[in-house]
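S.K.: My questions are about this predicted structure, shown below with the sequence.
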Amino acid sequence: MEQVDVVVVGGRLAGCAVAAPLARAGKRVVVIDRMAFPSDQLSTHLLQPSGTSELAKMGALPRILALSPSQVRWTTLTVDGVTCRERLRPAPDGIDFGVCIPRDQQDVCLVEAAREQGADVRERCTFEDLTWRAGRVSGLRYRDASGERHEIGAALVVGADGRRSSVAAAVGAWAPYRLSQNGRGLVFRYVDDPRAGAAEAETNYQWREGDSFALAFPSSPVGRLLVLFQGHRDETSEARKDPEGYWERKLTQHPGLRERLRGVDPASYTKLRSAGEVPAFFRASSGPGWALAGDAGHFKDPVTGQGMRDAMWAGRELAEHVLPALDRGPAAVDAATRRWEHHRDRHCLSAYHFANMDTTVEAQPPALLELVRESARGHEQPDLTDLFGRARDMQEIAPIPRLVRSAVAAFARGERPRGQTVVTSVKVLRTQLEIRRERHADRFRSTRAVYDSDHAGASWPSPPAVRPRVLAVPEGAVPGAPVLQEVPA
Ligand SMILES: Cc1cc2nc3c(=O)[nH]c(=O)nc-3n(C[C@H](O)[C@H](O)[C@H](O)COP(=O)(O)OP(=O)(O)OC[C@H]3O[C@@H](n4cnc5c(N)ncnc54)[C@H](O)[C@@H]3O)c2cc1C
């Protein structure tokens with residue numbers, strides 16, 4: 001039987017981000033993916049500078065830049081007529097632009113970069129089940145394109161196989177311990193941009209009118225524009241039934257976007273693509289001999305476009321946590337993956353709550369509108385780009401005194417009925433206080449729902465057909481933690 005240090009299921013963002021640094025450090029790493037690359041994936045694929053920076057750390061940026069992608073350098077947010085424009089803040093390594101490259105072209109660059117650094121990436125190979133030794137995952141079995149079965153032994157098996165993770169199902173972590181329903185859906189298409197080469201073509205535009213969001217940002221190759229609507233998730237069925245009627249209705253709702261699209265030739269419109277039911281979740285993401293990276297372990301509503309960056313960040317961090325442990329035996333590896341999971345959750349918690357807040361289909365709270373107004377006047381820091389670029393989180397950008405001042409300013413301005421301003425401001429403050437309390441408590445796999453952020457009602461699909469090994473969860477176990485027991489193969 002083949003024996004390696006780490007075997008990874010899934011060869012996109014998270015998978016390549018785990019594999020590349022481990023292989024670079026001389027570890028034997030095998031990545032299997034059931035797809036053959038280039039391969040597409042449903043995603044609007046915008047990366048902020050922090051995401052471009054992860055591509056650089058993975059060693060994939062030279063290949064990405066060789067595609068001559070459009071670069072995103074500005075962000076412009078308009079909320080109910082108030083506009084704020086900011087230059088994207090550079091990541092700590094100096095990278096000051098985002099990229100937006102269709103997934104088929106982007107992901108193959110990651111695979112090639114991982115291979116170049118020594119990872120053995122095997123395409124058209126489908127994970128089948130895990131192997132176990134003394135209650136610990138000891139490797140996996142997979143089937144190749146010709147139908148032949150193979151077995152690999154490894155010190156660690158990483159599931160980087162996306163939201164419908166078969167590895168999660170096989171270790172008994174399929175059901176998330178924390179799940180939040182999304183309110184918004186995504187409907188998008190590409191168009192040819194007549195303003196290619198102008199500053200607008202380096203800008204990520206976002207309009208928030210009433211309870212609807214619309215975005216337009218440069219995609220690749222240069223001269224392509226990605227246009228995205230984020231309305232109520234039920235709008236996706238409207239867009240599927242009557243695509244052009246839906247498109248017209250949304251342009252009427254967002255006149256700024258209609259203006260941005262002036263001169264676009266409708267002959268360049270691609271088909272509308274959409275996604276509706278994509279709940280946010282945390283799964284138990286580490287256990288004896290296994291870990292779940294990227295979407296397999298944690299997913300945020302795509303409304304804030306953080307998924308790809310976080311998948312790469314989590315993969316790289318997992319590699320950095322386990323690298324020193326791989327030579328020190330199974331207990332050291334398992335302690336490292338558990339530490340990594342806690343670290344990931346601390347890092348992602350604020351963004352998870354921010355996405356939950358943004359997915360609520362309501363008009364923007366007046367206090368937040370005041371914050372945008374303040375940023376538009378030139379706040380000392382680029383608040384919006386820091387928030388979307390993960391340089392600072394919501395709690396750092398808007399500490400409670402600043403939120404209270406904004407609420408008071410909104411009340412004094414009296415644009416909305418004052419009673420409504422008081423009610424929504426109190427709601428925002430309560431949510432923000434609960435998030436701060438949760439962060440302070442720093443519990444591992446916390447299941448406590450935060451008011452007005454964790455939304456009940458999400459449905460969860462049945463697991464893919466794999467043989468789970470979970471037999472029981474005893475009283476007093478950490479919520480969500482699967483309890484494993486060896487079962488003969
Ligand atoms: C509609 C939509 C829009 C989005 N827009 C954005 C955006 O603008 N910006 C952003 O940053 N994020 C966005 N995201 C999120 C982003 O797409 C994900 O976070 C990202 O793809 C996660 O990467 P990953 O590597 O964890 O998983 P994935 O990209 O899901 O890759 C998983 C891989 O595992 C493989 N696999 C699965 N099962 C098996 C198996 N049994 N055997 C072998 N291989 C297997 C698959 O073939 C696949 O290649 C969006 C998501 C959605 C749904």
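M.R.: Perfect, I can see it now.
S.K.: May I see the buried residues of stretch 148-168?
M.R.: 150-152, 154-163, 165-168 (16 or more other CB atoms under 10 Å). Yep, even glycine has a C-beta here, placed from its N, CA and C like the rest.
S.K.: The ligand contacts on the stretch 1-150 of the chain?
M.R.: Contact residues, the stretch 1-150 of the chain versus the ligand (CB under 6 Å from any ligand atom): 9-15, 32-35, 41-47, 126-127.
S.K.: what about the longest strand in this structure?
M.R.: Longest among the strand segments of the chain by residue count, using DSSP state E, is strand 149-159.
S.K.: Ramachandran angles for residue 185?
M.R.: Dihedral angles of residue 185 (phi, psi; degrees, to the nearest 10) stand at phi -110, psi 180.
S.K.: Kindly report the same for residue 428.
M.R.: phi -60, psi -50.
S.K.: Contact partners for the spatially closest residue to it that is not a sequence neighbour?
M.R.: Excluding the flanking residues, the one nearest residue 428 by CB to CB, 6 or more residues apart in numbering is residue 365, at 5.1 Å. Going by CB atoms under 8 Å, 6 or more residues apart in numbering, residue 365 touches 424, 425, 427, 428.
S.K.: Residue 365 and residue 348, how far apart?
M.R.: In this view, residue 365 and residue 348 are 23 Å apart by CB to CB, to the nearest Å.
S.K.: Could you check which helix or strand contains residue 55?
M.R.: helix 49-58 (DSSP states H and E).
S.K.: So which residues of the stretch 51-200 of the chain form strands?
M.R.: 71-72, 74-79, 82-87, 98-100, 120-123, 126-133, 136-143, 149-159, 178-180, 186-192 (DSSP state E, counting those that start in this stretch).
S.K.: okay, those, which one's buried deepest?
M.R.: strand 98-100 (a mean of 26; mean count of other CB atoms under 10 Å).
S.K.: after the biggest helix by length in the chain, next one along is what?
M.R.: Identified as the longest helix of the chain according to DSSP state H is helix 330-358. Of the helices and strands lying after helix 330-358 in sequence (DSSP H and E), the nearest is helix 366-376.
S.K.: Off-centre distance for stretch 290-304?
M.R.: Relative to its parent chain, stretch 290-304 has a centroid offset of 6 Å by CA atoms, centre = their mean, to the nearest Å.
S.K.: what about it, start to end distance?
M.R.: 29 Å (CA to CA, to the nearest Å).
S.K.: can you tell me if it touches the ligand.
M.R.: Yes. Using CB under 6 Å from any ligand atom, stretch 290-304 reaches the ligand at 294, 295, 296, 302.
S.K.: Now the stretch 51-200 of the chain against the ligand: closest residue?
M.R.: Relative to the ligand, the nearest point of the stretch 51-200 of the chain is residue 162 (2.7 Å; CB to the nearest ligand atom).
S.K.: how much space between the nearest residue to that residue once chain neighbours are set aside and residue 234?
M.R.: Nearest residue to residue 162, sequence neighbours excluded (CB to CB, 6+ apart): residue 295, at 4.9 Å. Distance of residue 295 to residue 234, given as CB to CB: 24 Å.
S.K.: Which parts of the chain belong to which domain?
M.R.: Annotated domains of the chain cover 2-69+95-180+278-356, 186-231+234-275, 360-441 [automatic domain parsing].
S.K.: Double-check residue 447 against residue 178; I have them as touching.
M.R.: Yes. Residue 447 is within contact range of residue 178, at 5.9 Å (criterion: CB atoms under 8 Å).
S.K.: In terms of pLDDT, where does residue 469 sit?
M.R.: We have a pLDDT of 52 for residue 469.
S.K.: hmm, back to that, deepest in the core, which of the domains of the chain is it.
M.R.: domain 2-69+95-180+278-356 comes out most buried of these by mean count of other CB under 10 Å, with a mean of 22.
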